[in-house]
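Peer 1: Here is my input; please provide its structure:
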Amino acid sequence: MSQTVAFTEKKYVPTLIFVTSLFMLWGIAITMGDVLNRHFQNVLHVSKAESGLVQFSIFGAYAVMGIPAGLFMKRYGYKNGVLLGLILYAIGAFLFVPAANSESFLGFRAALFILACGLATLEAVAHPFIGALGNQSSSDQRINFGQAFNGLGAVIGPLIGGYFILRASSEAPNDLSSVKTLYFCIGTVIASIALAFSFVKVPALSDAHAAHANAANGAAGAQVQDKPLIKQRHFVWAVIAQFFNVCAQGGTWAFFINYGHEKMGFADEVASYYFSLSMVAMMVGRFIGTFLMRYIAPNKLLATYAVANIIMCLLVTQNLGWVSFVALIMLNFFFSIMFPTIFSLGLKNLGKNTQQGSSIIVMGVVGGAIFPPLMGLLANEDVAKAYYLPIICYFVIFLFGAKFSKVQE
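Peer 2: Residues are numbered from 1 along each chain as shown. As a prediction, the model looks like this:
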């Protein structure tokens, strides 16, 4: 990657700031789901496998909303796509109030599904949106930069959940009032942000992911690719890799607090704070990854991190006390660049198909709906052994980074 290419342009800075904040907002929501996973085990008395349906509701929404979000964005633009995502986010949060009043696990899952439809819309929009705020050659850096703030949101989520939900439940068992109050506040904040963004003026954007005949950027003679998405190998493998990436991510996060409680003897609230610490590791990893990509090809860094996480998983499964627990925390450090880098590599040179491609890659996030219940079945017996399953995922990611991410002319 040429180091002379600007990160962005001055005219895009205000929009870049707002779009970056979107990454943080859905980071908070996703990791709050993992706190709810443990809370529902305690309060609604569901098993680990059943509580994994929390992630099924969240990530299943991505499969349902991915393509509609892409079509909406293509017709009505990035700004209206953001507004749709924020409105669905807020509605889902407000629906926690009747779900808590009825003490219904199904009601909570329905609210989470609608909220996650908003998250899926924001993800489908935000990745090509931030990629369009400058030159294609620096799009990997911008997307990883945005995802670094997603990491910040992922740090904040467990802290909020640990303090306002798990701490409250330890003082008042079987009480869902803290969940109701917290999500009502979240809905109010998100609705206010949607109102504020409706007044933001977005400058005209060009497609940053189209191929350009630009010798200075190492793309001499390249043309915008009009081939169907299914015939573009790098894109197809990106969808596959993203599916397995979120499989691993969803399962790892869903049972982190269980691991801390059962293997390390922590109280649930304390385990949630360690979960937040692991998100700090992810956030730091994204900033470091953004820097390293100025010198190391993104696909090579991705493959290296995949191998590192295979090693971390093997350590976690051996139940070696603090060694295994630190490895569990470090999984998130090496997670750091995976989602944004797979996303960016998959969007390369899609030209007019970029928005459609983005929505399909977002649908790959449905992997997070599948793995937590599967890992939950193993976790019911031994939560440490459940971490053998993500090794399959990291092997697929390694193959994508090492071999199948290159755009074929």
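Peer 1: When you work out contacts or count neighbours from here on, use the C-alpha atoms and nothing else.
Peer 2: Noted.
Peer 1: Check the offset of the lengthiest helix in the chain from the chain's centre.
Peer 2: As assigned by DSSP state H, the longest helix anywhere in the chain is helix 53-94. The chain centre lies 14 Å from the centre of helix 53-94; the measure is Cα atoms, centre = their mean, to the nearest Å.
Peer 1: Could you pull up the mean pLDDT of it?
Peer 2: Regarding helix 53-94, the rounded mean pLDDT is 88.
Peer 1: same question, stretch 232-239
Peer 2: On average, the pLDDT along stretch 232-239 is 93.
Peer 1: repeat for stretch 151-168
Peer 2: Stretch 151-168 comes out at a mean pLDDT of 79.
Peer 1: what's the answer for stretch 317-332, then?
Peer 2: On average, stretch 317-332 scores 95.
Peer 1: Return the set of buried residues in that stretch.
Peer 2: Using 16 or more other Cα atoms under 10 Å as the test for burial, stretch 317-332 gives 317, 319, 324-332.
Peer 1: Give me the residues contacting it.
Peer 2: Applying Cα atoms under 8 Å, 6 or more residues apart in numbering, the external contacts of stretch 317-332 come out as 256, 260, 263-264, 274-275, 277-279, 281-282, 309, 312-313, 315-316, 384-388.
Peer 1: ok, which stretches of the stretch 301-409 of the chain are helices?
Peer 2: Along the stretch 301-409 of the chain, counting by DSSP state H, counting those that start in this stretch, helices occupy 322-335, 338-347, 354-363, 367-379, 390-399.
Peer 1: One more: the stretch 101-250 of the chain?
Peer 2: 105-131, 139-161, 167-171, 177-197, 233-254.
Peer 1: Turn those into TSV, including mean neighbour count.
Peer 2: Formatted as TSV, these follow (neighbours: other Cα atoms under 10 Å):
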stretch	mean neighbour count
helix 105-131	26
helix 139-161	27
helix 167-171	17
helix 177-197	17
helix 233-254	26
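Peer 1: Let me know which of these is the nearest to residue 358.
Peer 2: Of all these, it is helix 105-131 that lies closest to residue 358, at 5.6 Å by Cα to Cα.
Peer 1: Show me the shaky parts of this protein.
Peer 2: Along the chain, segments meeting pLDDT under 70 span 1-5, 136-137, 168-175, 205-226, 409.
Peer 1: if you set the cut-off to 50 instead, what comes out?
Peer 2: 1-3, 211-224 (pLDDT under 50).
Peer 1: returning to that earlier point: which one of the helices of the stretch 301-409 of the chain lies nearest to residue 94?
Peer 2: Of the helices of the stretch 301-409 of the chain, nearest to residue 94 by Cα to Cα is helix 367-379, at 22.5 Å.
Peer 1: How far off centre is the closest one?
Peer 2: 17 Å.
Peer 1: Can you list the helices and strands that it packs against?
Peer 2: Using 3 or more Cα pairs under 8 Å, 6 or more residues apart in numbering; DSSP states H and E, the elements in contact with helix 367-379 are helix 48-51, helix 53-94, helix 233-254.
Peer 1: any chance of those in TSV, with distance to residue 105 too?
Peer 2: Output for the helices and strands packed on helix 367-379, formatted as TSV (distance: least, Cα to Cα, whole Å):
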stretch	distance to residue 105
helix 48-51	9
helix 53-94	9
helix 233-254	17
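Peer 1: For residue 375, find the nearest of those.
Peer 2: helix 233-254 (6.3 Å).
Peer 1: Show me what the closest one is packed up against.
Peer 2: Contact here means 3+ Cα pairs under 8 Å, 6+ apart; on that basis helix 233-254 packs against helix 13-43, helix 338-347, helix 354-363, helix 367-379, helix 390-399.
Peer 1: switch the cut-off to 10 Å
Peer 2: Judged by 3 or more Cα pairs under 10 Å, 6 or more residues apart in numbering; DSSP states H and E, helix 233-254 is in contact with helix 13-43, helix 53-94, helix 268-292, helix 322-335, helix 338-347, helix 354-363, helix 367-379, helix 390-399.
Peer 1: what angle sits between that helix and helix 53-94?
Peer 2: 90 degrees (axes from the mean of the first three to the mean of the last three Cα atoms, to 10 degrees).
Peer 1: Buried residues, the helix or strand just after helix 233-254. List them.
Peer 2: The first helix or strand that comes after helix 233-254 along the chain, using DSSP states H and E, is helix 256-264. For helix 256-264, a neighbour-count test (16+ other Cα under 10 Å) marks 256-264 as buried.
Peer 1: Equivalent analysis for stretch 80-89, please.
Peer 2: Buried residues in stretch 80-89, counted by 16+ other Cα under 10 Å: 80-89.
Peer 1: and residue 185, which of the helices and strands packed on helix 233-254 is closest to it?
Peer 2: Residue 185 lies closest, by Cα to Cα, to one member of these: helix 53-94, at 8.4 Å.
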